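In: below are the sequence and a predicted model; questions follow.
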Amino acid sequence: MKMPRAFLALCAAAVILIGVASFSAPCLAQDASAANPMSFAETKQVLGLEGLKHNVMGTLAAENGSLVFTKGKKKVVVPAASITEVMTGKDTERTIGGTVGTLTMFAPYGGGRFLSLFRTKIDTLSLEYSDPSGGVHGVVFALSEGNALGAKKALLNQGAKTSVPPEAEADAQAKPKEKKQ
Amino acid sequence: MKWTGYLSALLAVALVFVFAGSAATTQDKPQAKIQASAIQILMVTSDEVKLPIAFQLALYENLIEQVQKANKFSHVYRDGDTAAASAPDLVILHSNVYGFKQGSEGKRQVTTVAGATQIKVHCDFTDKAGKSELAQDVTGNVRFIGGNLRATFDFAKKVTQIIVTNVQ
């Protein structure tokens, strides 16, 4: 009789622990992202960074005077002082991408065409930088909507340069919304 | 008598072939190939049209990537690279966008006939002194599948083909 009670007590303790863990985990995650507001997870490096393939997902960060793009163990660092231009833009991309997305196009009865209508708005961040021998490089990132301006400001704070100040871009982005209203 | 007839007919046919062959060689006389061991690719400019910077950078980066892959030159220099000045037999590629139509990937997927992206670029290969050695217009397209930036990849592939054909 004692064994089932002990077993029940153990089960209750496990349930409580799991509950506490599930509540605390998101808090910890929030704390981690709050600790580094200059980090942009789920950023796609469309092209341009040395040593990385096109359309690679990773984390873009502006820290220690540099732009840092991390994809797993790979880390590409570009000194912010060498960045001569940072520009933002807007675009859309398919929600279902890659091979699966392309194959859905061939689905019968136009089902694929219907699926391809699901598109998400993205921000693009384009930048130009010079390597030590003076060679110009161009990099294009795709970020989730609303993040490009923040990333631009973060890079400018680290020492990057731009021909269009972020305030001017913010105004330009706000104007079309006003017109719609 | 019969044999002479055959022989004269054969001779006539042979003569026709010889003349046709010589005419063809004069028509297909290959253009003098550009002698270059290194290339410098300058940043793509757009004097006449307003080109989004993402397209401009994608044109430039794809061009460098494709030319490097072609393995035609001992060195591919970027715009601004100071080492290019001392490179012997350097050819410089100037690209200027004169036509741009940004399509829609969504439209392309839904209709397959509308929404094509098209980039028209004038490419000029010059020597160090700026003397033009080859000039050609190239159009980059993306019609059915792919993002708008794919037009820049198409352009880069076409320019690389021109280089492979015209550079020794």
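Out: Yes, it's here. Numbers count the residues shown, from 1 in each chain, chains lettered A, B, ... in the order given.
In: may I have the phi/psi pair for A:Ala80?
Out: Backbone torsions of A:Ala80, given as degrees, to the nearest 10, read phi -60, psi -30.
In: quick one, what contacts the closest residue in space to A:Pro79 that isn't next to it in sequence?
Out: In space, and not counting its chain neighbours, A:Pro79 is closest to A:Ser66: 5.3 Å by C-beta to C-beta, 6 or more residues apart in numbering or on different chains. For every residue, glycine as well, the C-beta is placed using N, CA and C. Taking C-beta atoms under 8 Å, 6 or more residues apart in numbering or on different chains, we find A:Ser66 in contact with A:Val77, A:Val78, A:Pro79, A:Ala80, A:Gln158.
In: of those, closest to B:Val76?
Out: Nearest to B:Val76 among the contacts of A:Ser66 is A:Val78, at 20.1 Å by C-beta to C-beta.
In: hmm, back to that, nearest to chain B among the contacts of A:Ser66?
Out: Of all the contacts of A:Ser66, A:Val78 has the smallest distance to chain B: 13.9 Å, by C-beta to the nearest C-beta.
In: state the phi and psi torsions of the residue nearest to that closest one when sequence neighbours are not counted.
Out: Distance criterion C-beta to C-beta, 6+ apart; nearest residue to A:Val78, sequence neighbours excluded, is A:Leu67 at 4.5 Å. The phi and psi values for A:Leu67, taken as degrees, to the nearest 10, are phi -90, psi 130.
In: identify the bridge partners of A:Leu67.
Out: As for beta bridges, A:Leu67 partners with A:Ala62, A:Val78 under DSSP bridges.
In: is it true that it touches A:Ser82?
Out: No: using C-beta atoms under 8 Å as the test, A:Leu67 is too far from A:Ser82 to be in contact (9.3 Å).
In: higher neighbour count, the two?
Out: Shown here are A:Leu67 and A:Ser82; by other C-beta atoms under 10 Å in any protein chain shown, A:Leu67 has more neighbours (26 against 17).
In: do you know how far the residue nearest to A:Pro79 is from B:Val142?
Out: Distance, A:Ser66 to B:Val142, using C-beta to C-beta, to the nearest Å: 34 Å.
In: which helix or strand contains B:Val91?
Out: Taking DSSP states H and E as the definition, B:Val91 sits inside strand B:90-101.
In: from the chain's centre, how far out does that strand sit?
Out: In terms of C-alpha atoms, centre = their mean, to the nearest Å, the centre of strand B:90-101 is set 11 Å apart from its chain centre.
In: check stretch B:133-151 too.
Out: The chain centroid and the centroid of stretch B:133-151 are separated by 11 Å under C-alpha atoms, centre = their mean.
In: number of nearby residues for A:Asp131?
Out: By the measure other C-beta under 10 Å, the count of residues near A:Asp131 is 15.
In: ok, it touching A:Ser82?
Out: Yes: A:Asp131 is within contact range of A:Ser82, at 7.4 Å (criterion: C-beta under 8 Å).
In: which residue does chain B bring closest to chain A?
Out: As assessed by C-beta to the nearest C-beta, chain A sits closest to B:Leu57 within chain B, at 2.9 Å.
In: that residue sits in which helix or strand?
Out: Residue-wise, B:Leu57 maps onto helix B:53-70 under DSSP H and E.
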